[in-house]
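> Could you work out the structure for the sequence below:
(one chain, ligands or ions: 5)
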Amino acid sequence: MLTSLLVVGVLIVIIPLYIWWKRMPYAHIPGVTQLGPFLPIKLPLVNKYMGGGAESPALEQLFRSGFVKDGVLRITACGVSRLFISDPDLIKDIALTRAKLFPKPPVYDILNIWGENIVSTNDSAWKKHRVVADPAFAENHMNYLVKESAKCINLSINRMEKSRSAFGLVINATEEMQDVTLDIIGKVAFGYDLGVFAPKDPVQPHKMTFENALKLTMTLGILVGGVLPKWARRFFPQTDIALNETELYMRELIKYRMDNLYDTGKHDLLSLLVSSNAEQIKETSLTDQELVSDVFIFLVAGHETSATTLSWMLYELMLNKHVQDKMYEEVKTVLSGLKFDELTVDTYEKLTYTKCAVTETLRKHPPVSGVPKMTRTDTTIGKYLVPKNTEIYLDVAQVQKNEKYWPDAKTFKPERFDPESSEYHKVKSCSFLPFSLGQRKCIGSKFSEIETAILIAYIVLNYEINNPKGDVYMNSKEVLQGDIRTESRITQSPLGLRVELKKRQA
Ligand code: HEM
Ligand SMILES: *[C@@H]1O[C@H](CO)[C@@H](O)[C@H](O)[C@H]1NC(C)=O
Ligand SMILES: *[C@@H]1O[C@H](CO)[C@@H](O)[C@H](O)[C@H]1NC(C)=O
Ligand SMILES: *[C@@H]1O[C@H](CO)[C@@H](O)[C@H](O)[C@H]1NC(C)=O
Ligand SMILES: *[C@@H]1O[C@H](CO)[C@@H](O)[C@H](O)[C@H]1NC(C)=O
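Ligands and ions are numbered 1, 2, ... in the order given. From the prediction side, this is the model:
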């Protein structure tokens, strides 16, 4: 009895002491403390500021109230301190000027289901991946993406039309956009029809279709394959099969391209990657395993981020009729009468206003709201000394909604990205970073900008995007004022977004 009291007593003293001691080297950096750890799930009182991905109201309040004065905010959770950087000059320093001092933190290991890859490595190991992958993402290879995007949205529209009822055509925007971007990434990354819009059965020796295997792998699979130990997989039998099947499919696709180097007649990313790799000398080329791991990253990185962008764009267009009308005039002029096979990157380039609208969506609703880095050594950030191995986040969301850099930041205004406008030339450098900045900038930025612009252009060409009449949630005050709640997947998308698509008279 006495001993257990003693133990409890000692713990009550030791735990706070430990937390205080861990916080010590950061005490000079302005910040806040929360009780619970940085969990991926939201627990109201426990992780008040950070947890569950979304910006919490409490965190938002800190920024609104002027608490964050020089763009550096510390949040300490259970003794662990992280810094959130929201000043463009400091972001420039970290992502560009002294990028070598700020590598990726160990949290990226969870993406190593099939081994190290382009996003989870540092320094020379990363360079090897990037050198092989860069040519595959060159703009002159993107004509294929333009055509395939247009074809996929046509398939999606045809399927959506089947759910038309007496109330018109109302879609669940996020789910629909997820399906479109998955179909595109299958075709453009693998040259493989996943059958999203034309379901198929698994073919021997497969136990599952590639589509189902991927869907499971990209959700539960990341947890089971990337976080839990190998032996724990048996408790998730479906996910275990999905992980094995995904690998099997990826290996088959790679083997086919290796066997038919240069004469597959295919234009997909994987073919480009395999031939780019074949041109490397042995020391700088990637192994089959590394190729598998990279291709998986293209899927994870390219699928949901693009779907989220599209969902937000549908939402903003629904609320901003004048933007929609202006876009319609443009897409009608550029796209009318063109066959899908006639579309090229040049067609995309002509969609100048639509491109600005995509960019403005990425400003107001960045799918990746914070870019994680860490300090390699003791160093200074701004005027603060920061110990080595501290996690640092480039706070994309906060910079991009700051009135100081983005006047009238709450307004959806594509014009601010028009190179002809005076505002465009006043944009502060490094205040726009939805794809991160510097050498570790997203390799797929052009890819997703093209994909998003083409998809939204065809939706707007065919339909007027309206708020569904009689839908209580969609007509609620918060939704109409632009404060729709968000839903946390890998990224934050608008929760329960439904839009009515009203056929335009040609
Ligand atoms: C709207 C869509 C997208 C957004 C917002 C986005 C955002 C980002 C961000 C913020 C990073 C930096 C991550 C970090 O430093 O931790 C990144 C990296 C990356 N993204 Fe994207 N991305 C998008 C689409 C894509 C697409 C379509 C692909 C491929 C098909 C892709 C592939 C990658 C890869 C491979 C990296 C790692 C690059 C490197 O470290 O060298 N992304 N992306
Ligand atoms: C990158 O380098 C840092 C510092 O050497 C290391 O702690 C970290 O784990 C590395 N990140 C990954 C994802 O390997
Ligand atoms: C889209 O699909 C419909 C129905 O299958 C087809 O009739 C139409 O021609 C397609 N659109 C274009 C521009 O090819
Ligand atoms: C949209 O989602 C709701 C609720 O999940 C569902 O009942 C409805 O059938 C879905 N509508 C369409 C067109 O998929
Ligand atoms: C998945 O693959 C591993 C190793 O390749 C194997 O041990 C395991 O039994 C497989 N699981 C299933 C469900 O096929």
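> Am I right that I456 is in contact with V358?
Yes - I456 lies in contact with V358 (Cβ atoms under 8 Å); the separation is 7.1 Å. Heads up, the C-betas are built off the backbone N, CA and C, glycines and all.
> Report the set of residues contacting both of the two.
M313 (Cβ atoms under 8 Å, 6 or more residues apart in numbering).
> Up against ligand 1, what does the stretch 301-450 of the chain have?
Neighbours of ligand 1 within the stretch 301-450 of the chain, by Cβ under 6 Å from any ligand atom: 301-302, 305-306, 309, 367-368, 371-372, 434-436, 440, 442-444, 447-448.
> Is E148 located within a helix, as I assumed?
Yes - residue state for E148 (DSSP: H, G, I helix; E, B strand; the rest coil) corresponds to a helix.
> ok, it - how many residues close by?
E148 has 23 neighbours, counted by other Cβ atoms under 10 Å.
> From V188, how far off is it?
5 Å (Cβ to Cβ, to the nearest Å).
> L182 now?
Distance from L182 to V188, counting by Cβ to Cβ: 11 Å.
> Settle it for me: which of those two has more neighbours?
Set side by side, L182 and V188 show more neighbours around V188, with 26 against 23, by other Cβ under 10 Å.
> residues in contact with the residue of the stretch 301-450 of the chain found nearest ligand 2?
Residue nearest to ligand 2 within the stretch 301-450 of the chain: R376 (5.1 Å; Cβ to the nearest ligand atom). Under the criterion of Cβ under 8 Å, 6+ apart, the contact list for R376 reads 100-103, 388.
> Per-residue pLDDT of it, please?
R376 carries a pLDDT value of 97.
> do the same with W21
At W21, pLDDT is 82.
> Please apply the same query to A506.
Taking A506 on its own, its pLDDT is 67.
> S448 should be in a helix, yeah?
Yes - assessed with three-state DSSP, S448 lies in a helix.
> what's the burial count for it?
S448: 23 neighbours (other Cβ under 10 Å).
> gap between it and ligand 5?
Distance of S448 to ligand 5, computed by Cβ to the nearest ligand atom, to the nearest Å: 32 Å.
> show me the contacts for that residue.
S448 neighbours (Cβ under 8 Å, 6+ apart): 302, 305-306, 309, 442.
> Just those: which are in helices?
Cross-referencing those against helices under DSSP state H gives 302, 305-306, 309.
> name the element the closest residue to ligand 4 within the stretch 251-400 of the chain belongs to?
Going by Cβ to the nearest ligand atom, ligand 4 is nearest to S311 of the stretch 251-400 of the chain, at 13.4 Å. According to DSSP states H and E, S311 maps onto helix 288-319.
> Any chance you could give me stretch 246-257 in CSV, C-alpha atoms only?
Only the C-alpha atoms of stretch 246-257 are listed here, as CSV (Å, rounded to 0.1, in the frame of the first residue of the first chain):
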residue,chain,number,x,y,z
THR,A,246,-1.1,-4.3,-55.0
GLU,A,247,2.6,-5.3,-55.0
LEU,A,248,1.9,-8.2,-57.4
TYR,A,249,0.1,-5.9,-59.9
MET,A,250,2.8,-3.2,-59.7
ARG,A,251,5.5,-5.8,-60.3
GLU,A,252,3.6,-7.3,-63.3
LEU,A,253,3.3,-3.8,-64.9
ILE,A,254,7.0,-3.0,-64.4
LYS,A,255,8.0,-6.4,-65.8
TYR,A,256,5.9,-5.9,-68.9
ARG,A,257,7.7,-2.6,-69.5
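> follow-up on the earlier one: do the helix holding S311 and ligand 5 meet at all?
No - residues of helix 288-319 are not located near ligand 5 by Cβ under 6 Å from any ligand atom, the shortest gap being 13.0 Å.
> Just the buried ones among the contacts of R376, please.
Those of the contacts of R376 that meet the buried threshold are 102-103, by 16 or more other Cβ atoms under 10 Å.
> Now for M313, how many residues are close by?
29.
> my bad, P106
Residues lying near P106 (other Cβ under 10 Å) number 11.
> And whichever residue of the stretch 51-200 of the chain sits closest to ligand 3, how far from R74?
Relative to ligand 3, the nearest point of the stretch 51-200 of the chain is N154 (3.8 Å; Cβ to the nearest ligand atom). N154 is 50 Å from R74, where distance means Cβ to Cβ.
> quick one: which of these two has more around it?
Taking other Cβ under 10 Å, N154 and R74 do not tie; R74 has more neighbours (21 against 14).
> next one: phi and psi at the residue lying closest to the more buried one once chain neighbours are set aside?
Excluding the flanking residues, the one nearest R74 by Cβ to Cβ, 6 or more residues apart in numbering is G31, at 2.7 Å. Main-chain dihedrals, G31, degrees, to the nearest 10: phi -170, psi -170.
> next one: V427
The phi/psi pair for V427 (degrees, to the nearest 10) is phi -60, psi 130.
> residues contacting it?
405, 416.
> Quick check: which ranges of the protein have low pLDDT?
Residue ranges of the chain with pLDDT under 70: 52-55, 264, 506.
> Tell me where it has strands.
31-34, 72-77, 80-85, 169-172, 371-374, 379-381, 384-386, 391-394, 463-466, 486-488, 492-494, 498-503 (DSSP state E).
> tell me the angle of the second one relative to strand 80-85?
Taking axes from the mean of the first three to the mean of the last three Cα atoms, to 10 degrees, one finds that strand 72-77 is oriented at 150 degrees with respect to strand 80-85.
> Count the neighbours of the residue in the stretch 151-300 of the chain positioned nearest to ligand 1 for me.
Across the stretch 151-300 of the chain, the shortest distance to ligand 1 (Cβ to the nearest ligand atom) belongs to F298, at 4.2 Å. When neighbours are counted by other Cβ under 10 Å, F298 registers 25.
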